[in-house]
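S.K.: just the structure for this:
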Amino acid sequence: MKKVSRFLAAVLLCWSSTIIPDQNDPRLEDLFKQLRQTEQTEAGETITRQIWEVWYEATDAETQGLFDKGVIFMTRGDYRSALITFTRVTKAKPEFAEAWNRRATLLYLMGEFGLSMQDIKQTLALEPRHFGAISGMGQILMKQNKLQDAREVFQKALEINPHLQGARSNIMQINKMLSDKSV
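M.R.: Numbers count the residues shown, from 1 in each chain. Sure thing, here's the model as predicted:
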């Protein structure tokens, strides 16, 4: 568990000092502050959606159009076209964190966990608070049966966004799996 924390901290420290992210939209600071302060589930979910909306915004119309096309390909299950499209976006706009995260998600769906983890690291380098990417890391660790590490990662996601029901459910599932192993 400590290994994952050190790993995550090293990634965040190393990258955050060398890359100037485009995820510096002034709305995010306020949204994250609200997210930590609200205890109401519905308000937390609304703020979470607002954060995702900001993350989805590209800095220009051409990039946005290409990114949106990648999302459509991915939704339709055309993973090859989605991969080509998201790769084009990450090459054209390497500072666009959500493009890296979308490609990480796609690679996860394709079973390419190592490549997905690389894109998660890039996402977190650009946006260390990206609770979606952190949760994705937890999903990969679960698939790799690294349950204690996965639990720690999901807990980190909950520290950033305490309204992530999926992360909370995954922790409960992991706890059950670990207790079943000890019997």
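
S.K.: tell me which residue is most central in the protein.
M.R.: Nearest to the geometric centre of the chain sits A133, at 1.3 Å (C-alpha atoms, centre = their mean).

S.K.: how about A92, what does it touch?
M.R.: Neighbour list for A92: 63, 66 [criterion: C-beta atoms under 8 Å, 6 or more residues apart in numbering]. Every C-beta, even on glycine, is put in place using the N, C-alpha and C of the backbone.

S.K.: quick revisit: for the residue nearest to the centre of the chain, what is the enclosing helix or strand?
M.R.: Per DSSP states H and E, A133 falls inside helix 131-143.

S.K.: list the buried residues of that helix.
M.R.: Buried residues in helix 131-143, defined by neighbour count with 16 or more other C-beta atoms under 10 Å: 131-142.

S.K.: so for the helix or strand that that helix is followed by, mean pLDDT?
M.R.: Sequence order places helix 147-160 as the next helix or strand after helix 131-143, per DSSP H and E. Averaged over helix 147-160, pLDDT sits at 97.

S.K.: okay, angle between helix 147-160 and helix 131-143 too, please.
M.R.: Per axes from the mean of the first three to the mean of the last three C-alpha atoms, to 10 degrees, the angle that helix 147-160 makes with helix 131-143 is 170 degrees.

S.K.: can you give me the helices in the chain?
M.R.: For the chain, the helices defined by DSSP state H occupy 2-16, 26-37, 41-56, 61-76, 79-92, 97-109, 113-126, 131-143, 147-160, 165-182.
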